[in-house]
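Visitor: Give me coordinates for this.
(one chain, ligands or ions: 2)
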Amino acid sequence: MPTRRDAQAELSATARALLSGNRVVPVIEIDDPAQAVPLTRALAAGGITIVEITFRTSAGADAVRAAASGTDSIVGAGTLLTPSDVDAAADAGAAFGVSPGWDPLTAARALERGLLVIPGVTGAGEIQQRLAEGHTTVKFFPAEANGGAAALAQLSAPFAHTGLSFMPTGGIGAHNAASYLAIPAVTAIGGSWVAPRALVAAGEWAQITALAAGATAALSTAGA
Ligand SMILES: O=C[C@H](O)COP(=O)(O)O
Ligand SMILES: CC(=O)C(=O)O
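Guide: Residues are numbered from 1 along each chain as shown. Ligands and ions are numbered 1, 2, ... in the order given. Alright, predicted model coming up:
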């Protein structure tokens, strides 16, 4: 009989598939769900076809629903803090979820709903707990405040043989993206710099496309 760990490992395996070809994940704060489709299309026009729309605003779930049903991009839900956030994300059609940390109730609901939720970690103890639960991808958050790429390179080293991969976010931008992407265990990086809230609110789609294109170009320069 499959264990909870087996179920988590199976779910977590999808994280690599989602992130391997999409190494920059824009983290979105959105105020109007009607902006979700043009925003997601603006990112795609710049070469980014994945997006994490956070539940930090009340528009989050409706924005996920609109982008998931109205575009071909991979649409995830971020800032999932509770079981009801997991339900709202799954009901809205999110392809994945992200949490800044982790807690047993949210974890249990994610497994029940079959929604991959990437947990946040900052240290080795949390990583060992997530590995024991069957996770194979974790978020390193907040990345810069926890020592940045140098810290993540050291933190990830003892776990290299486990195959664990990391998605750092928090304080990442055009200036330091390459230093994270150079770490072997980093599968993708996340951040708001590609689609800052003010540009989203103003509907500055051309600027967002330009930022996405800049991030895409940086990936090819980095050989990522
Ligand atoms: O994962 C979410 C982070 O809060 C995004 O951080 P950032 O605004 O520093 O890119
Ligand atoms: C920080 C984070 O993990 C999130 O907002 O999803």
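Visitor: For Ala7, see how far away the residue in the chain sticking out farthest from the centre is.
Guide: In the chain, counting by CA atoms, centre = their mean, Met1 sits farthest out from the average C-alpha position, at 30.8 Å. Here Met1 is placed at a distance of 11 Å from Ala7 (CB to CB, to the nearest Å). For glycine as for every other residue, the C-beta is placed from the backbone atoms N, C-alpha and C.
Visitor: residues in contact with stretch 56-76?
Guide: The contact list for stretch 56-76, computed with CB atoms under 8 Å, 6 or more residues apart in numbering, reads 18, 22, 25, 28-37, 39-41, 43-44, 49-55, 77-79, 88-89, 91-98.
Visitor: Mind jotting down where the helices sit in the protein?
Guide: 4-20, 36-45, 60-70, 83-91, 104-113, 124-133, 148-156, 177-181, 197-201, 205-221 (DSSP state H).
Visitor: Of those, which is nearest Phe140?
Guide: Closest to Phe140 of the helices of the chain is helix 148-156 (CB to CB; 5.4 Å).
Visitor: Other residues contacting that closest one?
Guide: For helix 148-156, contacts defined as CB under 8 Å, 6+ apart pick out 123-124, 127, 140, 143, 146, 164, 166, 168, 171, 176, 179-180, 182-186.
Visitor: same deal with stretch 124-132?
Guide: Stretch 124-132 is touched from outside by Arg5, Trp102, Pro119, Val121, Val138, Leu155, Pro158, Phe159, Thr162, Leu164, with contacts defined as CB under 8 Å, 6+ apart.
Visitor: of these, the lowest pLDDT goes to which?
Guide: Across the contacts of stretch 124-132, the bottom pLDDT score, 90, is held by Arg5.
Visitor: what sits against the residue lying closest to that one once chain neighbours are set aside?
Guide: Closest residue in space to Arg5, ignoring its immediate chain neighbours: Gly134 at 4.0 Å, by CB to CB, 6 or more residues apart in numbering. For Gly134, the contact set (CB under 8 Å, 6+ apart) comprises Arg4, Arg5, Asp6, Ala7, Gln8, Ala9, Leu11, Ser12.
Visitor: for the protein, where's the lowest mean pLDDT among helices and strands?
Guide: None of the helices or strands of the chain scores lower by mean pLDDT, DSSP states H and E than helix 4-20, at a mean of 86.
Visitor: What is that helix packed up against?
Guide: strand 96-98, helix 104-113, helix 124-133, strand 137-140, strand 165-168 (3 or more CB pairs under 8 Å, 6 or more residues apart in numbering; DSSP states H and E).
Visitor: if we look at the last one, which residues are touching it?
Guide: Contacts to strand 165-168, defined as CB under 8 Å, 6+ apart, come from residues 15-16, 19, 25, 98, 118, 136-141, 143, 149, 152, 156, 180, 183, 185-190.
Visitor: near ligand 1 too, which of those residues?
Guide: Contacts with ligand 1 are made by Phe141, Gly190 out of the contacts of strand 165-168, judged by CB under 6 Å from any ligand atom.
Visitor: ok, of the contacts of strand 165-168, which come out buried?
Guide: 15, 19, 25, 98, 118, 136-141, 143, 149, 152, 156, 180, 183, 185-190 (16 or more other CB atoms under 10 Å).
Visitor: residues from the chain in reach of ligand 1?
Guide: Within the chain, the positions near ligand 1 by CB under 6 Å from any ligand atom are Val27, Phe141, Thr169, Gly170, Gly171, Ile172, Gly190, Gly191, Ser192, Trp193.
Visitor: just the residues you listed now: which is nearest Thr209?
Guide: Nearest to Thr209 out of the residues of the chain next to ligand 1 is Trp193 (CB to CB; 14.1 Å).
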